[in-house]
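>>> Sequence and predicted structure are below.
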Amino acid sequence: QVEMVESGGGAVQAGGSLRLSCAASGYAGAYSMAWFRRPPGKEREVVAILGASGRIAYGDSVKGRFTISKDRAKNIWYLQMNSLKPEDTAVYYCAASSFFYSARERDYNIWGQGTQVTVSS
């Protein structure tokens, strides 16, 4: 049973940075991993994807500002968020999929509990 636990959320002013972490336990096999977010009153959206083969993709709104990475030795994924904007305010989730790569939320079946990120103007 794979479990994902996020940390690193918080409140920051616009232009600031945060790094989210996602620790995976019980990890086995090849999984792709993604960060999603749910802004207040909106649908959940994909932020960044790291496929099992290393393929990376970002949502259009975060390209050039966010970076997804993984510490393979520790089984921890990171989301480095720079130049934060108020519209980045959301609950951020990490999720894992048994697919080698997927951008579809429905392909992710293991989810963390979420961590709140609040960006003030």
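Cool, got the structure.
>>> Just grab the bridge partners of Gly10 for me.
Listed beta-bridge partners, Gly10: Val117 (assigned using DSSP bridges).
>>> That one against Thr118, yeah?
Yes: using Cβ atoms under 8 Å as the test, Gly10 is close enough to Thr118 to be in contact (7.4 Å). Heads up, the C-betas are built off the backbone N, CA and C, glycines and all.
>>> in a helix, that's where Ser61 is, yeah?
No: remark: Ser61 does not belong to a helix; assigned using DSSP: H, G, I helix; E, B strand; the rest coil, it is coil.
>>> where does the nearest residue to it once chain neighbours are set aside fall, phi/psi-wise?
Using Cβ to Cβ, 6 or more residues apart in numbering and skipping the chain neighbours, the partner closest in space to Ser61 is Glu87 (7.3 Å). Summarising the backbone geometry of Glu87 under the convention degrees, to the nearest 10, its torsions are phi -70, psi -10.
>>> Glu87 against Arg65, yeah?
No: the criterion here is Cβ under 8 Å, and Glu87 misses it with Arg65 at 11.3 Å.
>>> Pull the contacting residues for the residue nearest to Ser61.
Residues in contact with Glu87 (Cβ atoms under 8 Å, 6 or more residues apart in numbering) are Pro39, Ser61, Val119.
>>> Quick check: end-to-end length of stretch 33-44?
Its start and end residues considered, stretch 33-44 measures 16 Å (Cα to Cα, to the nearest Å).
>>> ok, so of the contacts of Glu87, who is nearest Tyr31?
The shortest gap between Tyr31 and any of the contacts of Glu87 belongs to Ser61, at 24.8 Å (Cβ to Cβ).
>>> Arg44 versus that closest one, what's the distance?
14 Å (Cβ to Cβ, to the nearest Å).
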